[in-house]
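> Sharing a model that was predicted from the sequence below.
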Amino acid sequence: MKVIDTEKIPIKMWLDDIEEGALQQAKNLANLPFLFKHVAIMPDAHQGYGMPIGGVIAANDVIIPNAVGVDIGCGICAIQTSLKEIKRDTLKKIMGNIRELVPVGFKHHKKNRKWSGFENAPDIPIIQAQLNAARKQLGTLGGGNHFIEIQKSDKENIWIMVHSGSRNFGLKIANEYHKKALALCSMWYSELSSKELAFLPMKTAEGKEYMEAMNFALEFAKQNRFDMVTAIKSVFHEEFPDITFDDMIDIHHNYAARERHFGENVIVHRKGATSAHKNQRGIIPGSQGSKSYIVKGKGNPESFMSCSHGAGRKMGRNQARRELDLKAEKKFLDEQGIIHSIRGTYDLDEATSAYKDISVVMENQKDLVDIIVELTPLGSIKG
């Protein structure tokens, strides 16, 4: 851990190679009057909107929409199967069948999906406006860095991992309440180190409403992953009738929650970071060409009991498409025998070289988590 103490509160970092833009964002955070103790920057951090992705802050009765981000509830689930091996041809067939059941990218289901949460959705305009579309989005992967991956563990079991979020709910909620926060901060003549960090006090109607909307998005995102896993299980059952599955691990990495740290009740914001309380199981994925990890939290108070949510981007999406070599990236994955999703130049934003070295990320957070299981990718479906 490195400490920068030039700002109003310290910045504690678990990495050496933070980019200038992300560092400036961390400094902006560190000068907000309502932040508690320090700013924590995880080893996968890179520049985001307002706050670095891979950042963790605690605030005194204040919520910052952009410190949660636009994909509220985005997270990972993982499940161990009883399979010890899977042939490549069978894996290709399974991945093809998964694509038939789980829409990816901009695709949605053709029929409405059932979920009790729809009937119990909060009476908040931005939520109600999205419900009709969301009924067909439930159980869909989305795009960007979202993925379905089949992996093999160092204990020889086959695993399933899914990374997805709250679909359009997160974006709409983030944009709506950032606008409201900007208007209120302007009305109060609040001095902000960055307008991207406009905030909502929790005593305001807007702050309470944001938390209610955010929590609904968290539940939707969790159900979204559960529905995809249910479909994936059915595909595996067709090929392996006797297969069994362990309990699913599910953890989100874009959210805010009331927690107690250093003897105070605060609102912890994790943007591209996951909870790593003492003995809590978590998931840290790499890229489709590198290892992922099932971990156990150490409950380190200095990180507000948090850890990284993945490897973290080394290149922006457009930069990766401009600079990476398509043949070299495909060759690297092919030589490892990974059934991957790199087809053309546009896919290079999700190439292995676009991400940080996951082994370095894990080394940098040895005081935050212990590794329980090491997972190697066999096949990856990207949105």
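Here it is on my side, so go on.

> where do the helices sit along this structure?
Applying DSSP state H to the chain gives helices spanning 20-30, 88-101, 116-119, 125-128, 131-137, 168-187, 205-239, 317-323, 326-335, 358-364.

> pretty sure Arg258 is touching Glu264, no?
No - at 11.0 Å, Arg258 does not count as touching Glu264 under the criterion of CB atoms under 8 Å. All C-beta spots, glycine's among them, are computed from the backbone N, C-alpha and C.

> Identify the contacts common to the two.
Counting by CB atoms under 8 Å, 6 or more residues apart in numbering, Arg258 and Glu264 have no shared contacts at all.

> hey, what's Glu374 bridged with?
Tyr293 (DSSP bridges).

> That one and Gly286, how far apart?
Separation of Glu374 from Gly286 (CB to CB, to the nearest Å): 10 Å.

> joint contacts of the two?
Tyr293.

> These two: which is more packed in?
Comparing Glu374 with Gly286 by other CB atoms under 10 Å, the one with more neighbours is Gly286, at 23 against 15.

> so the more buried one sits right up against Ile358, yeah?
Yes - with contact defined as CB under 8 Å, Gly286 and Ile358 form a contacting pair (3.7 Å).

> how near is the closest residue to Ile338 other than its chain neighbours to Gly170?
Nearest in space to Ile338, with sequence neighbours left out and distances taken as CB to CB, 6 or more residues apart in numbering, is Pro377 at 5.3 Å. Between Pro377 and Gly170 the computed distance is 26 Å (CB to CB).

> who's in contact with the residue nearest to Ile338?
Per CB under 8 Å, 6+ apart, neighbours of Pro377: 149-151, 286, 288-292, 338.

> Out of those, grab the one that's most surrounded.
Neighbour-wise, those (other CB under 10 Å) top out at Ser292, 27 neighbours.

> My guess is that residue contacts Gly282. True?
No - the pair Ser292 / Gly282 is not scored as a contact, 11.2 Å apart, by CB under 8 Å.

> any shared contact partners between Gly286 and Ile358?
Shared contacts of Gly286 and Ile358, counting by CB under 8 Å, 6+ apart, come down to 292-293, 310-311.

> what would these look like in TSV with pLDDT?
Putting the shared contacts of Gly286 and Ile358 into TSV (pLDDT from 0 to 100) gives the following:
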residue	pLDDT
Ser292	97
Tyr293	98
Gly310	96
Ala311	94
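
> Now list the buried members of the residues you listed.
292-293, 310-311 (16 or more other CB atoms under 10 Å).

> can you put these in a markdown table and add distance to Ala129?
Below are these laid out as a markdown table (distance: CB to CB, whole Å):
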| residue | distance to Ala129 |
| --- | --- |
| Ser292 | 36 |
| Tyr293 | 38 |
| Gly310 | 31 |
| Ala311 | 35 |
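
> Compile the contacts of Pro377 into a markdown table and extend it with columns for distance to Thr274.
As requested, the contacts of Pro377 are exported to a markdown table (distance: CB to CB, whole Å):
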| residue | distance to Thr274 |
| --- | --- |
| Glu149 | 17 |
| Ile150 | 22 |
| Gln151 | 18 |
| Gly286 | 15 |
| Gln288 | 20 |
| Gly289 | 22 |
| Ser290 | 18 |
| Lys291 | 17 |
| Ser292 | 13 |
| Ile338 | 25 |
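
> Just the ones in strands from these, please.
Residues of the contacts of Pro377 located in strands (DSSP state E): 149-151, 292.

> With respect to Gly54, which of those residues is nearest?
Ser292 (16.5 Å; CB to CB).

> Asn112: neighbouring residues, count only.
Neighbour tally, Asn112, other CB under 10 Å: 12.

> how about the nearest residue to it, chain neighbours excluded?
Using CB to CB, 6+ apart, the nearest residue to Asn112 is Arg135, at 4.0 Å.
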